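S.K.: Here you go, sequence then predicted model.
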Amino acid sequence: MEKEPVQYQLLRQIFSAERMVFRIGELSSMTGVSSRQLRYWEQKDYIESMQRGDEQAARSYHFREYARVTGIKYFLDNGYTLSAAVKKVNDYINMANLVHVFVKQAIKNVDDRGDHIEIDLGWFDEAAGQRLIAVQGSGKVTYKIIER
């Protein structure tokens, strides 16, 4: 089993969505959705607050709920009904989850070369003789194949 590169470990700690937690007032302020609406959406199971030990504690939400609320509000602002907005957001979230799994499995290493970044996308051929490398630099992405 390959050991995860150090930069992945560091980025995972920095950008851990589970560590990004917002109280209901903060979420309301960040999204423009009233606290009352958020409680209603939670009652309808459109969003979910974190489990609380003390019922007096303010509702808190993970970052994923921020993304969900932002999406629902976007579609509401564009004329969708609440149920249609929720369905649309759920469809987008499901697609994003599939892309996330794909990217997580596809990226083997990221190497900063100073003027560009090289992303190792793994074996290009079944014989494991060629690696596919994505090169990002100068505002564009190109690909190259490296022979073993």
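M.R.: Great, that's in hand.

S.K.: Now do the helix or strand where Ile145 lies: distance to the chain's middle.
M.R.: Here Ile145 sits within strand 140-147, counting by DSSP states H and E. Relative to its chain's centre, strand 140-147 lies at 26 Å (Cα atoms, centre = their mean, to the nearest Å).

S.K.: how about the CA coordinates for it, as PDB?
M.R.: Extracted C-alpha coordinates of strand 140-147, given in PDB (Å, rounded to 0.1, in the frame of the first residue of the first chain):
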ATOM      1  CA  LYS A 140      -4.000  25.600 -18.900                       C
ATOM      2  CA  VAL A 141      -3.800  21.900 -18.400                       C
ATOM      3  CA  THR A 142      -1.900  19.600 -20.700                       C
ATOM      4  CA  TYR A 143      -1.100  15.900 -20.400                       C
ATOM      5  CA  LYS A 144       2.000  13.800 -20.900                       C
ATOM      6  CA  ILE A 145       2.900  10.100 -20.700                       C
ATOM      7  CA  ILE A 146       6.000   9.000 -18.800                       C
ATOM      8  CA  GLU A 147       7.500   5.600 -19.700                       C
END
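
S.K.: Buried ones in that strand, by neighbour count?
M.R.: By neighbour count on 16 or more other Cβ atoms under 10 Å, the buried set for strand 140-147 is empty. All C-beta atoms are positioned from the backbone trio N, CA, C, and that covers glycine.

S.K.: Show me what it is packed against.
M.R.: Strand 140-147 makes packing contacts with strand 130-137 when contacts are defined by 3 or more Cβ pairs under 8 Å, 6 or more residues apart in numbering; DSSP states H and E.
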